[in-house]
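**Student:** Prediction below, plus the sequence it came from.
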Amino acid sequence: MVELLAPGGSVEMVEAVFRAGADSVYSGVKGWSRRSKKYEMGDEELKKAVNIAHDYGGYLRAAVNAMPKAGEERMFVERLDFLYSIGIDAIILNDIGLMRITEERYPDLKIVASIGASILNKEEALLYKESGADMFVADCKMSIEEMMEIKAYTGMGVEVLIHANTDFTYLGRCWMSSYKALRYEDLDGKAYYIGSPNRGGVCFRPCLFDWRLSGEEIYASHFQLPNDMFLLLDEIPEMIRRGVDCLKIQGREYSISLIHDLVGVYRRFIDEFAERGEVDVEAYRGELRELAEKRDAERLKRTLELMKVARGKANEI
Amino acid sequence: MELTTNIPNLEGMSECSIKPYDGIYLGMPYCWEYEGNFVSNLHDLEAGIEILRSLKKKTYVTTFAVPRNKDLEKIYRLVETVSDLCDAIEASNLGIIRYLTKEYPDVKVHAGGLTNIYTVSTAELLYSIGVSRIVPAYELSIEDIEKMKDVGVEIEVVVHGKIPVGIGHECFLKRFSKIVGRDCPKICREEMYFKSEDLVLKPFGHATLSGKDICMYEHIDKLEFADAFRIEAVTERIGYRERVGSIYRRLIDDGFSRSDFESLKALSENGIANGYYFNKAGQIYVSR
């Protein structure tokens, strides 16, 4: 059966998503994942999160998917040893070099190639597979045909984001935020880049600024560059039928109640489909619409906070 | 030190603009549809290679940077056509890099800047499968790049020009065709920028480029460990390529010149920046 993967931005969120019916959870390792450190976990929190996951009969994936600074491999190995020792079930990585290190050190540890790896074709996926990846997260613009072609060619598992955002760039191939503003910090010896989604997790979302297109004249103004949130529903039955292995809900930075309710809706949706072989999509659409409204309000607040930091008018991220 | 640049099509191949350079990358990696793009016009590409050969320049061929499954065969045909004719093939997609190193072990492979090479371990992995040169991720600082030198792989760095700050699945500029009054591929010939607050970006094919020109003229000594300096000029006019190339050629051969530096600044319509070389935001410039 398809796996429902939920975000674990805090120990409390980990507990909540399992209560709501998640099969597994992903949590960021402090300083090492594609999110602000506010939504990542220190060692003790990670241990608790793993225990909660296992108590529910579920799994925990540790996200180590920010690109480290060149030469931080030794520090990565220390983190890897710790994560393996506390019993994580899988590791989410972005960097193919770190995948090879992980595969050589812990061949039994499942490796997921992050959305940030932005795997675009079957030949690329094969190199990730040869370097240790067992599963890849499909880019949000990828069709189901492309995903299945990659799966057939490589034998890798496929993970699809069912709640996330899609930009006009490929995730992992965007540096607009750090081109606008960048702050460098030392986080217990680890380089931490605030403003670089690839290197530290925080994106200032410059695509949502007020843009104009200028040439010989101003051709257009007051538009945003595409950055759209989505919640999939209609597509899910076909994805399950075709062999997608994991459905992922993004959202470590949202409120626990919102993520709890989102997981609950998708749990019921998947279970109904599993039981009856079909599902009354319309019965879920209204619920999701309400949750999307809550999500949009929370996201707007967060976007405004991030933009303030980008403009140097606030420090807290 | 090798000085390189890139040229998108036959129209861009004037002898004067090629002269300052040691090596030329042929092809526009950001868009299949760019007018006359070498990566889509193999007869033109063969003609371009012949011109470079006659001028005794190192001849490199680039490939589309973000190929999906449907694009692979087209790239394989290009590789088959030029594998015996050029000095190296550049790819920025790990799938193409895998294909090249497996199927054409005798062909030199360069990994471009969009390959996302952030770590020493990834540089090592690519070197181990047969990649001979890399352009490390644009977002890296000088100290990060220098660490990769120990791997043994050749290092090429951008010293001047507009670097990509994003690349995606479509040309966003096409959405403005009607308003601008130009369709693809003509719309790319217009000088157009996205502007907001202090940010200026240049949309180009699937890519979005830095509006400012990355300029390391004043700081070139800090990059001397590299094997090649690249002038990014694939979206620029012939005159830009020629003038910037000549200035960097003089810098390599004769040293710093205040007037040349002023000329570079004058050529940059949105100003200059250091990119990420000094651990700062990409659009900031730090003076020597």
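**Tutor:** Received the coordinates, thanks.
**Student:** can you give me the strands for the chain?
**Tutor:** Chain wasn't specified; assuming chain A. A:3-7, A:24-29, A:40-41, A:59-64, A:90-93, A:110-113, A:135-137, A:157-167, A:183-187, A:190-194, A:211-214, A:218-223, A:227-231, A:246-249 (DSSP state E).
**Student:** Oops, wrong one, chain B.
**Tutor:** So, for chain B - with DSSP E - the strands run B:2-7, B:23-26, B:58-62, B:88-91, B:109-111, B:131-134, B:154-161, B:164-167, B:193-196, B:199-204, B:207-210, B:213-215, B:228-232, B:272-273.
**Student:** I'd like these written out as a markdown table, with distance to A:M67 and mean pLDDT added.
**Tutor:** Where C-beta positions appear, they are placed from N, C-alpha and C, glycine not excepted. Written out in a markdown table, the entries for these read as follows (distance: least, CB to CB, whole Å; pLDDT from 0 to 100):
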| stretch | distance to A:M67 | mean pLDDT |
| --- | --- | --- |
| strand B:2-7 | 25 | 98 |
| strand B:23-26 | 25 | 98 |
| strand B:58-62 | 24 | 98 |
| strand B:88-91 | 20 | 98 |
| strand B:109-111 | 15 | 98 |
| strand B:131-134 | 15 | 98 |
| strand B:154-161 | 18 | 98 |
| strand B:164-167 | 16 | 97 |
| strand B:193-196 | 25 | 96 |
| strand B:199-204 | 22 | 95 |
| strand B:207-210 | 19 | 96 |
| strand B:213-215 | 20 | 98 |
| strand B:228-232 | 22 | 98 |
| strand B:272-273 | 21 | 98 |
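**Student:** Turn those strands into TSV, columns for mean neighbour count.
**Tutor:** As requested, these are exported to TSV (neighbours: other CB atoms under 10 Å in any protein chain shown):
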stretch	mean neighbour count
strand B:2-7	24
strand B:23-26	25
strand B:58-62	22
strand B:88-91	25
strand B:109-111	26
strand B:131-134	22
strand B:154-161	23
strand B:164-167	26
strand B:193-196	20
strand B:199-204	22
strand B:207-210	26
strand B:213-215	25
strand B:228-232	24
strand B:272-273	22
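**Student:** Mind putting those into CSV with distance to A:A6?
**Tutor:** Formatted as CSV, the strands of chain B follow (distance: least, CB to CB, whole Å):
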stretch, distance to A:A6
strand B:2-7, 45
strand B:23-26, 45
strand B:58-62, 42
strand B:88-91, 37
strand B:109-111, 36
strand B:131-134, 37
strand B:154-161, 41
strand B:164-167, 29
strand B:193-196, 35
strand B:199-204, 35
strand B:207-210, 32
strand B:213-215, 41
strand B:228-232, 42
strand B:272-273, 40
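**Student:** want to throw these into a markdown table with distance to chain A?
**Tutor:** Formatted as a markdown table, the entries for the strands of chain B read as follows, by distance: least, CB to the nearest CB, whole Å:
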| stretch | distance to chain A |
| --- | --- |
| strand B:2-7 | 19 |
| strand B:23-26 | 19 |
| strand B:58-62 | 17 |
| strand B:88-91 | 10 |
| strand B:109-111 | 11 |
| strand B:131-134 | 11 |
| strand B:154-161 | 12 |
| strand B:164-167 | 4 |
| strand B:193-196 | 4 |
| strand B:199-204 | 6 |
| strand B:207-210 | 6 |
| strand B:213-215 | 10 |
| strand B:228-232 | 14 |
| strand B:272-273 | 8 |
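**Student:** And the nearest residue to A:F18 once chain neighbours are set aside, how far from chain B?
**Tutor:** Nearest in space to A:F18, with sequence neighbours left out and distances taken as CB to CB, 6 or more residues apart in numbering or on different chains, is A:Y56 at 4.0 Å. Shown here: A:Y56 relative to chain B, a distance of 35 Å by CB to the nearest CB, to the nearest Å.
**Student:** Any idea how far stretch B:152-170 is from the middle of the chain?
**Tutor:** Taking CA atoms, centre = their mean, to the nearest Å, the mean C-alpha location of stretch B:152-170 is offset from the chain mean by 6 Å.
**Student:** Put the alpha carbons of it into PDB.
**Tutor:** Output of stretch B:152-170 as PDB, limited to C-alpha atoms (Å, rounded to 0.1, in the frame of the first residue of the first chain):
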ATOM      1  CA  GLY B 152      42.600  16.300  -9.300                       C
ATOM      2  CA  VAL B 153      39.800  17.400 -11.500                       C
ATOM      3  CA  GLU B 154      40.300  20.500 -13.600                       C
ATOM      4  CA  ILE B 155      38.400  23.600 -12.200                       C
ATOM      5  CA  GLU B 156      36.800  26.200 -14.400                       C
ATOM      6  CA  VAL B 157      35.300  29.300 -12.800                       C
ATOM      7  CA  VAL B 158      33.200  32.200 -14.200                       C
ATOM      8  CA  VAL B 159      35.200  35.400 -13.900                       C
ATOM      9  CA  HIS B 160      32.800  37.600 -15.800                       C
ATOM     10  CA  GLY B 161      29.300  37.700 -17.100                       C
ATOM     11  CA  LYS B 162      25.700  36.900 -16.100                       C
ATOM     12  CA  ILE B 163      25.300  33.700 -14.200                       C
ATOM     13  CA  PRO B 164      22.100  31.700 -13.900                       C
ATOM     14  CA  VAL B 165      20.200  32.300 -10.700                       C
ATOM     15  CA  GLY B 166      17.400  29.800 -11.600                       C
ATOM     16  CA  ILE B 167      16.400  27.400 -14.300                       C
ATOM     17  CA  GLY B 168      13.000  25.700 -14.800                       C
ATOM     18  CA  HIS B 169      10.800  23.700 -17.100                       C
ATOM     19  CA  GLU B 170       9.500  26.600 -19.300                       C
END
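**Student:** what's the closest residue to B:G168 other than its chain neighbours in contact with, if anything?
**Tutor:** What sits nearest to B:G168 in space, not counting adjacent residues and going by CB to CB, 6+ apart, is A:T169, at 4.2 Å. Listed by CB atoms under 8 Å, 6 or more residues apart in numbering or on different chains, the contact partners of A:T169 are A:M176, B:G166, B:I167, B:G168, B:T208.
**Student:** Pick the one among the residues you listed closest to B:D106.
**Tutor:** Here the nearest of the contacts of A:T169 to B:D106, counting by CB to CB, is B:I167; it sits at 29.8 Å.
**Student:** Bridge partners for that closest one, pull those for me.
**Tutor:** Under the criterion DSSP bridges, B:I167 forms beta bridges with B:A207.
**Student:** which residues does it contact?
**Tutor:** Taking CB under 8 Å, 6+ apart as the definition of contact, the neighbours of B:I167 are A:T169, A:Y170, A:R173, A:C174, B:Y30, B:A65, B:V66, B:L114, B:H206, B:A207, B:T208.
**Student:** for A:M67, same thing?
**Tutor:** With the criterion set at CB under 8 Å, 6+ apart, A:M67 makes contact with A:N94, A:D95, A:G116, A:N198, A:R199, B:N116, B:Y118, B:T119, B:A137.
**Student:** what about the first one, how many neighbours?
**Tutor:** Put plainly, it is A:N94. Other residues within reach of A:N94, judged by other CB atoms under 10 Å in any protein chain shown, total 27.
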